[in-house]
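Trainee: everything below, folded, please.
(chains A and B)
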There are 2 protein chains.
Amino acid sequence: MTKAIFYHAGCPVCVSAETDILNLIPENQVEVIHLGTDKSKVKDAAGAGVKSVPALVLSNGNVLHINFGASIEDLK
Amino acid sequence: MTKAIFYHAGCPVCVSAETDILNLIPENQVEVIHLGTDKSKVKDAAGAGVKSVPALVLSNGNVLHINFGASIEDLK
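Mentor: Sure, this is the predicted structure:
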């Protein structure tokens, strides 16, 4: 099974959501990517349909935008 | 442990998010409330900080607004 990917950018909203999401989802089912420190992944995230962070891209391709920390445009 | 509460209003965005969330979170850890059919709960949701649906209110009181289906104001 493909893992879900949680994209964030280190913002307070992101960190709070990350803590909550990792409490809900078993850790081995989600990969966490920090777009602030891993800029090369911004294009992947945008390609997957991520418009803002924090966001969770599911293994079925659906994107759940969770609250609002920063626009993906501001991370490019 | 208090359950998380997933508030929705039957909109397409809500239904899609509900399916995804219930795939991620064990069913016995989340209660699903349809604000379109259970109007009396709209006040509870607003009081918990829900601004739009679908939203997940966690047992720690944090609110995760997931994508955007409808404003809570439109459900009052």
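Trainee: when you work out contacts or count neighbours from here on, use the C-alpha atoms and nothing else.
Mentor: OK.
Trainee: and the longest helix for chain A?
Mentor: Ranked by residue count, the top helix of chain A under DSSP state H comes out as helix A:12-24.
Trainee: is it in proximity to chain B?
Mentor: Yes. Helix A:12-24 comes into contact with chain B (CA under 8 Å from any CA of the partner chain), by way of A:17, A:24.
Trainee: residue contacts, A:Asn67?
Mentor: If you count contacts by CA atoms under 8 Å, 6 or more residues apart in numbering or on different chains, A:Asn67 has them with A:13, A:17, A:54, B:64-67.
Trainee: what does chain A have sitting close to chain B?
Mentor: Within chain A, the positions near chain B by CA under 8 Å from any CA are A:17, A:24-25, A:58, A:64-67.
Trainee: need those residues in TSV with distance to B:Asp38 and pLDDT, can you?
Mentor: Listed next are the residues of chain A next to chain B as TSV, based on distance: CA to CA, whole Å; pLDDT from 0 to 100:
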residue	distance to B:Asp38	pLDDT
A:Ala17	27	95
A:Leu24	26	88
A:Ile25	28	87
A:Leu58	29	95
A:Leu64	25	97
A:His65	25	97
A:Ile66	24	97
A:Asn67	24	96
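Trainee: kindly indicate which of those lies nearest B:Thr2.
Mentor: A:Leu24 (13.0 Å; CA to CA).
Trainee: correct me if wrong: that closest one contacts B:Ile25.
Mentor: Yes. The pair A:Leu24 / B:Ile25 is scored as a contact, 6.0 Å apart, by CA atoms under 8 Å.
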